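**Q** need a structure here:
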Amino acid sequence: MKILVVEDDKTIASGLEYSLQQDDFSTVICHDFSTAKKTWAEEKASIDLCLLDLSLPGGSGYELCQIVKQQADIPVIFLTAIDDEVNVVMGLDMGADDYITKPFRVRELISRIKSVLRRYQKHSVVKTVIEIGRVQLNTLEGKVCKDGSDVPLTALEYRLLLIFANHVGQVLTRNQLLEQIWDVAGDFVNDNTLTVYIKRLREKLEDNPQNPTLIKTVRGLGYKVGD
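**A** So this is what the prediction gives:
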């Protein structure tokens, strides 16, 4: 993980650089607005988080935050003097993710950095298109395709397939499936209905429903999609 640190106090910047590197972060250090803006333009593809002082020679952390947020979906944390704390609201409104006041404890700052990065990582791993062999689920549009052709599914069929898609390679018991499926009226789906829906999914998605390779039966255990 690479962090762009923009801090005009060279003593603070040096201490931050040392502490972050001790925690296995790589750092790029800038001491003024123009250098930070140039560095961001050249290295933004590799930067994972920006740590910005609000008051900088030649500009402000606010301006840098705006530039960063317009060009990338990465977190920004402000460093601010206690007297500036009321102004951080403006920074948060522009999209900054957190702030920490000076003087600060380095361990607290690193903890905040890791917390913000975890939130972004969770957000980034959400898949909008899930592929299982030749079948694709577009979760934003609620559509299913096989070999590029739309496959019409009922709401419950889609919900069942989505459960399988989110547990590729795992064996799901019938009870686990039943716990997660409700019909459109909010009623619990019984065991016989589950059997019918699995049969329908196989008929719509498998090349040979009698010998399924997508939704596999694991005798005595349940069902598994994928390896």
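
**Q** show me where pLDDT drops low in the protein?
**A** 82-86, 88, 122-127, 182-188, 227 (pLDDT under 70).

**Q** how's it carved up into domains?
**A** For the chain, the structural domains run 2-124, 129-225, going by automatic domain parsing.

**Q** Pick the most buried one from the ones you listed.
**A** Across those, averaging neighbours per residue (mean count of other Cβ atoms under 10 Å) puts domain 2-124 on top, at a mean of 16. No exception for glycine: its C-beta is placed from N, CA and C like everyone else's.

**Q** just how off-centre is the helix or strand harbouring residue 200 within its chain?
**A** Residue 200 belongs to helix 191-205 when assigned by DSSP states H and E. Centroid displacement of helix 191-205 relative to its chain, using Cα atoms, centre = their mean, to the nearest Å, is 32 Å.

**Q** contact partners of that helix?
**A** Applying Cβ atoms under 8 Å, 6 or more residues apart in numbering, the contact partners of helix 191-205 are 135, 146, 151-154, 156-157, 160-161, 174, 177-178, 181, 183, 189, 209, 212, 214-215, 223.

**Q** Phi and psi next, for residue 138.
**A** Backbone dihedrals for residue 138, given as degrees, to the nearest 10, come out at phi -100, psi 100.

**Q** Which strand residues bridge it?
**A** residue 129, residue 143 (DSSP bridges).

**Q** That one: what's it in contact with?
**A** Residues near residue 138 by Cβ under 8 Å, 6+ apart: 128, 129, 144, 145.

**Q** so residue 92 makes contact with residue 76?
**A** No - between residue 92 and residue 76 there is no contact under Cβ atoms under 8 Å: 9.8 Å.

**Q** Give me the distance between residue 25 and residue 66.
**A** Plainly put, residue 25 is 24 Å away from residue 66 if you go by Cβ to Cβ, to the nearest Å.

**Q** actually residue 215, not the one I wrote
**A** Counting by Cβ to Cβ - residue 215 and residue 66 are separated by 49 Å.

**Q** next one: residue 152
**A** From residue 152 across to residue 66, the span is 45 Å (Cβ to Cβ).

**Q** which residues make contact with stretch 149-167 from outside it?
**A** Outside of stretch 149-167, the residues within contact range by Cβ under 8 Å, 6+ apart are 130, 132, 135, 137, 139, 142-145, 172, 177, 180-181, 183-184, 189, 194, 197-198, 200-201, 204-205, 215, 223, 225.

**Q** which strands and helices sit next to the top helix by length along the chain?
**A** Longest helix in the chain by number of residues, with DSSP state H as the criterion: helix 106-124. Counting contacts by 3 or more Cβ pairs under 8 Å, 6 or more residues apart in numbering; DSSP states H and E, helix 106-124 is packed against helix 10-22, strand 49-53, strand 76-81, strand 98-102.

**Q** one more time with 6 Å, if that's ok
**A** Identification of packing neighbours for helix 106-124 by 3 or more Cβ pairs under 6 Å, 6 or more residues apart in numbering; DSSP states H and E yields strand 98-102.

**Q** who does the strand it packs on pair up with?
**A** With DSSP bridges as the test, strand 98-102 is paired with strand 76-81 (parallel).

**Q** Tell me which helix or strand comes right after the partner strand.
**A** Next along from strand 76-81, by DSSP H and E: helix 88-93.

**Q** now that following helix, how far from the chain's geometric center?
**A** The answer for helix 88-93 is 23 Å, by Cα atoms, centre = their mean.

**Q** Stretch 200-207 too?
**A** Remark: stretch 200-207 is offset 31 Å from the chain centroid, using Cα atoms, centre = their mean.

**Q** distance between the ends of stretch 201-211?
**A** 13 Å (Cα to Cα, to the nearest Å).
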